[in-house]
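Chemist: The amino acid sequence is not available; the structure is as follows:
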Ligand code: SAM
Ligand code: SF4
C-alpha cells in the first residue's frame with residue numbers, strides 16, 4: 001500500500017511522523033511524495049493555533065472532494081487535532097476514515113490493518129483512537145506504556161531523511177504545566193519521562209548511523225527527572241515514569257533516592273556518545289533552569305549553548321493570567337545567570353500578543369523586555385483561543401484582531417533590530433557552522449540582500465528539491481545565480497556563505513566547517529570560508 005504522510009506543526013510532530021513512517025515501512029507500506037498517488041493519506045496535525053488547524057481542514061477538503069468524485073483512498077488524521085476534536089471530526093468531515101491521537105500512535109498499524117480489512121468487506125467503516133492514554137493512566141506502568149515501543153523500535157533511515165546528519169530524540173512526552181492558553185497538556189497528556197538508559201542508547205544508535213547533531217525534545221525539557229528503581233518492564237529494564245510535581249525541581253532528592261536530573265542526562269550523553277558533535281535541547285521552561293544545567297553546558301563543549309526559553313509576555317499581570325508560573329523579574333534573573341555563566345549563550349524565545357485583557361501598557365512592558373534581553377530571535381504569535389483551554393472557557397478573546405496584528409508587526413520590527421545587534425557581535429569571529437541547505441539568488445538581486453535579509457528572494461533546496469520562498473521564474477539561467485551554502489552555528493544563528501556553484505554548496509551539506517563572519521543582518525550572518533594557509537616559498 002502506498003502512503004502519503006504530511007506533517008504540520010512542531011518538532012514533536014516531525015519526530016512522531018518519522019517514527020510512524022519507520023514502523024509502517026517495516027510492515028511493508030511504501031511512502032510516496034505525491035498525495036494523489038497514495039492509497040492512504042495521513043495528516044499528522046497540530047492544534048496549538050487555529051491557523052494550523054485551518055491548513056489541515058483545507059487539505060481534508062481537497063481529499064473529500066476527490067472521494068466524492070470516486071477516488072478510493074483511506075484518509076487518516078493523526079496527532080493533536082485528532083485528539084482535541086475527537087469524534088466530532090468524524091461527524092464534521094465524513095471523508096475522514098481514521099483518527100489517532102499522539103498518545104496512541106503505536107496502535108496506528110493495527111488501526112490501518114483493521115480499516116483495510118473492514119473497508120474491503122463493508123464500505124464506510126471508520127476507526128478512531130483519540131483517548132489520550134497518558135493522561136488517563138496517571139499511574140502509568142511499563143506494561144501499559146506501549147507508546148515507548150515506538151521510540152525504542154526506531155529505525156532511523158538515513159536514506160529517507162532530507163537531513164540524515166540530524167535527529168530528534170524525545171526525552172519527555174506530554175506536559176504538566178497547564179498554561180491557560182495551551183492545548184498541549186490536553187492533547188499530549190501528562191508528562192512522562194523516558195529512562196535515561198533508553199535515551200543514551202538511542203543517541204548512540206543514531207550516531208552509529210551517521211547522525212552528528214541530536215536535539216532532545218520535551219515541552220518543558222529541563223523538567224526531565226527520572227527516579228531510578230521505581231518501575232521496571234516485564235523484562236527487567238527501567239520503564240518510563242510519570243513526571244513529579246512542578247515543585248520537584250526546587251528540592252534535592254530525598255535520602256536514598258537515586259535520580260537522573262536533566263543536567264545529569266546531558267552530561268551522560270556528552271560523555272557516553274563521544275561521536276556526537278552537537279547536542280541541543282528544546283524547549284526550556286525558564287523558571288527551572290538551574291545552575292547545574294549551566295555548569296554542564298560550560299563544561300561540555302559539544303553541548304550547544306543555545307537556550308530556547310519562551311517568555312510569552314513582559315507583563316506580570318498577563319504572565320499570571322497565562323499561569324506561566326514566573327514573573328518578569330524571575331525570567332530576567334534566569335537570563336542574567338545564563339549570560340554570566342555562559343557569556344556566549346544564545347537565547348531565543350516565544351511571545352504571544354493579544355492575550356485576553358492585554359492593554360497597551362502590558363504590550364509596552366513586552367517591548368521593554370525585548371529591548372532588555374539579547375534574544376537572537378523570537379517566535380511571535382497572535383493569541384488564538386483554543387477550545388478546551390482555561391483561557392478559552394474563562395477569558396473573552398477581547399483584543400481585536402487588528403490590534404493583535406499591529407502588536408505582532410511592531411514586535412517583529414523590534415525583534416529584527418535586536419537580532420541585527422545580536423548578530424553584529426559575531427562579525428569578525430570564526431565559527432563552526434553545520435551546513436544543511438543550498439540556496440541561490442539571481443545575481444542582480446544579490447546587492448539587495450543586505451536590506452532584505454534571507455527572505456529577500458533566496459530559493460532554498462533541501463535534499464535536491466526546490467522550496468522557493470518567492471515567485472522567481474524557474475527558467476532563469478543558472479549561470480546568473482549566486483549559489484549559497486546555508487547552515488547554523490552552535491548558537492543556532494543562520495549563516496550564509498557564497499560558493500561558486502550548486503555542487504560546491506551541496507558538498508558542504510551535513511558538514512561542520514569553520515566560517516569567518518563578515519556581515520550581520522537581522523535574519524542571518526554572512527561569511528566566507530577561511531583561506532587555507534599558504535606555506536612560504538623557500
Ligand atoms: N512548551 C513550550 C513552552 O512552554 O515554552 C512551548 C510549546 S507550544 C506548542 C509553542 C508555542 O506556541 C508557545 O510557546 C506559545 O508561544 C505558542 N502558543 C501556544 N498556544 C497558543 C495559543 N493558544 N495562541 C497563540 N500561541 C500559542
Ligand atoms: Fe503548553 Fe505551557 Fe506546556 Fe508549553 S509549558 S506545552 S505552553 S502548557
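Modeler: Received, thanks. All values derive from a computational prediction rather than experimental measurement. Ligands and ions are numbered 1, 2, ... in the order given.
Chemist: what about the residue of the stretch 1-150 of the chain found nearest ligand 2, how many neighbours?
Modeler: Distance from ligand 2 to each residue of the stretch 1-150 of the chain (CB to the nearest ligand atom) is smallest for residue 48, at 7.9 Å. Every residue, glycine included, has its C-beta placed from N, CA and C. For residue 48, the count of nearby residues is 21 (other CB atoms under 10 Å).
Chemist: and it, helix, strand or coil?
Modeler: coil (DSSP: H, G, I helix; E, B strand; the rest coil).
Chemist: That one is in contact with residue 183, isn't it?
Modeler: Yes: using CB atoms under 8 Å, residue 48 is in contact with residue 183, at 6.3 Å.
Chemist: from the middle of its chain, how far away would the one helix or strand residue 293 maps to be?
Modeler: Take DSSP states H and E as the rule and residue 293 turns out to sit in helix 291-299. Averaging C-alpha positions (CA atoms, centre = their mean, to the nearest Å) puts helix 291-299 23 Å from its chain's average.
Chemist: low pLDDT regions in the stretch 351-500 of the chain?
Modeler: Along the stretch 351-500 of the chain, segments meeting pLDDT under 70 span 444-479.
Chemist: How about residue 355: what's its closest non-neighbour residue?
Modeler: For residue 355, ignoring the flanking residues on the chain, the nearest one in space by CB to CB, 6 or more residues apart in numbering is residue 383 at 4.8 Å.
Chemist: Residues touching stretch 501-516, excluding its own?
Modeler: Defining contact as CB atoms under 8 Å, 6 or more residues apart in numbering, one finds that stretch 501-516 is touched by 163-165, 212, 277-278, 428-440, 478, 483-485, 487, 495, 497, 499, 527-530.
Chemist: residues from this structure in reach of ligand 2?
Modeler: 175, 177, 178, 179, 182, 184, 185, 219, 220, 285 (CB under 6 Å from any ligand atom).
Chemist: Now restrict these to buried residues only.
Modeler: Neighbour counting by 16 or more other CB atoms under 10 Å classes 175, 177, 179, 182, 184, 185, 219, 220, 285 among these as buried.
Chemist: show me what contacts the fifth one?
Modeler: Yep, that's residue 184 we're talking about. Contacts of residue 184 (CB under 8 Å, 6+ apart): 48, 80, 174, 175, 219.
Chemist: Farthest-apart pair in those residues, please.
Modeler: Farthest pair in the contacts of residue 184 (CB to CB) is 48 and 174. Separation: 14.3 Å.
Chemist: got the residues of the stretch 101-250 of the chain near ligand 1?
Modeler: Residues of the stretch 101-250 of the chain lying close to ligand 1 (CB under 6 Å from any ligand atom) are 181, 182, 184, 219, 220.
Chemist: Does the nearest residue to the fourth one once chain neighbours are set aside fall in a helix, a strand, or a coil region?
Modeler: In other words, residue 219. The spatial neighbour of residue 219 that comes closest, neighbours along the chain excluded (CB to CB, 6+ apart), is residue 175 at 4.0 Å. When classified by three-state DSSP, residue 175 comes out as coil.
Chemist: dump the residue contacts of residue 175.
Modeler: 182, 184, 185, 188, 191, 219, 220.
Chemist: Tell me which of these fall in helices.
Modeler: 184, 185, 188 (DSSP state H).
Chemist: tell me which of those residues is nearest to residue 6?
Modeler: residue 188 (19.6 Å).
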